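Novice: Sequence and predicted structure are below.
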Amino acid sequence: SQTIHQWPATLVQPVGSPLSLECTVEGTSNPNLYWYRQAAGRGLQLLFYSVGIGQISSEVPQNLSASRPQDRQFILSSKKLLLSDSGFYLCAWSGLWQRGTEAFFGQGTRLTVV
Amino acid sequence: KNQVEQSPQSLIILEGKNCTLQCNYTVSPFSNLRWYKQDTGRGPVSLTIMTFSENTKSNGRYTATLDADTKQSSLHITASQLSDSASYICVVSFNTGFQKLVFGTGTRLLVSP
């Protein structure tokens, strides 16, 4: 069966420090991978998605970047964190796009920038 | 603008009672509508997925309905349990060839004993 792992679960980082959040998927190949951010009281916002190794699309301009060095590994990074980067970050994967394609989410990372 | 709006924002019900959550959307072109359950501090977990041609879909005590004409959906929970306490998120996806999801802000449900 497929599983998705995301870590760390919580993170407190000072302003200006770098960030690296990692997500890995097991039990499937060539998944579509996504990074979402959920701010308090707001819906999930898509940050990045990837349809293959090295292929990254950004949905919103921001202080973050993403990379996909391996088929089932997706990394969210920042060189210098801002206070506004605080939030709940979720990694997700899905199969090839079809009308009924399911999306599976990781457990999330609570990031607090202080 | 593609939007998904949910109501009520929060809801408290007694254990064993039923409740219905509402979702209105303006997403176009519509592909499918999903309901997710999200426990506090955890990732969302899928409850149902409905395509354009489906009017209702059940998953245990959860029943989702879809009216594609009025662009409305509802999630009905029967015989609520304490473990149903969570946020319920309505998500509508585009039909653009890859997966784009528009998330509602969710309804926070508290089931009290």
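Specialist: Okay, I see it.
Novice: C-alpha from now on. contacts and neighbour counts both.
Specialist: Will do.
Novice: and the particular helix or strand that has residue A:5 in it, which residues are buried?
Specialist: Using DSSP states H and E, the element containing residue A:5 is strand A:3-7. Residues A:4, A:5, A:6, A:7 are the ones in strand A:3-7 that count as buried (16 or more other CA atoms under 10 Å in any protein chain shown).
Novice: Just list the residues touching residue A:65, thanks.
Specialist: Residue A:65 makes contact with A:76, A:77, A:78 under the criterion CA atoms under 8 Å, 6 or more residues apart in numbering or on different chains.
Novice: 6 Å instead?
Specialist: A:76, A:77 (CA atoms under 6 Å, 6 or more residues apart in numbering or on different chains).
Novice: who in chain A is up against chain B?
Specialist: A:42, A:43, A:44, A:97, A:105, A:106, A:107, A:108 (CA under 6 Å from any CA of the partner chain).
Novice: Leaving out chain neighbours, which residue sits closest to the second one?
Specialist: Put plainly, it is residue A:43. Distances taken as CA to CA, 6 or more residues apart in numbering or on different chains place residue B:105 nearest to residue A:43, at 4.1 Å, with adjacent residues excluded.
Novice: do the same with the first one
Specialist: In space, residue A:42 comes closest to residue B:105 once its chain neighbours are excluded; the distance is 5.0 Å by CA to CA, 6+ apart.
Novice: for the helix or strand in which residue B:74 is found, the distance to its chain's centre please.
Specialist: Here residue B:74 sits within strand B:72-77, counting by DSSP H and E. Counting by CA atoms, centre = their mean, to the nearest Å, strand B:72-77 is centred 6 Å from the centre of its parent chain.
Novice: again, but for stretch B:74-91
Specialist: Remark: stretch B:74-91 is offset 8 Å from the chain centroid, using CA atoms, centre = their mean.
Novice: now swap in stretch A:26-42 and tell me
Specialist: Counting by CA atoms, centre = their mean, stretch A:26-42 is centred 5 Å from the centre of its parent chain.
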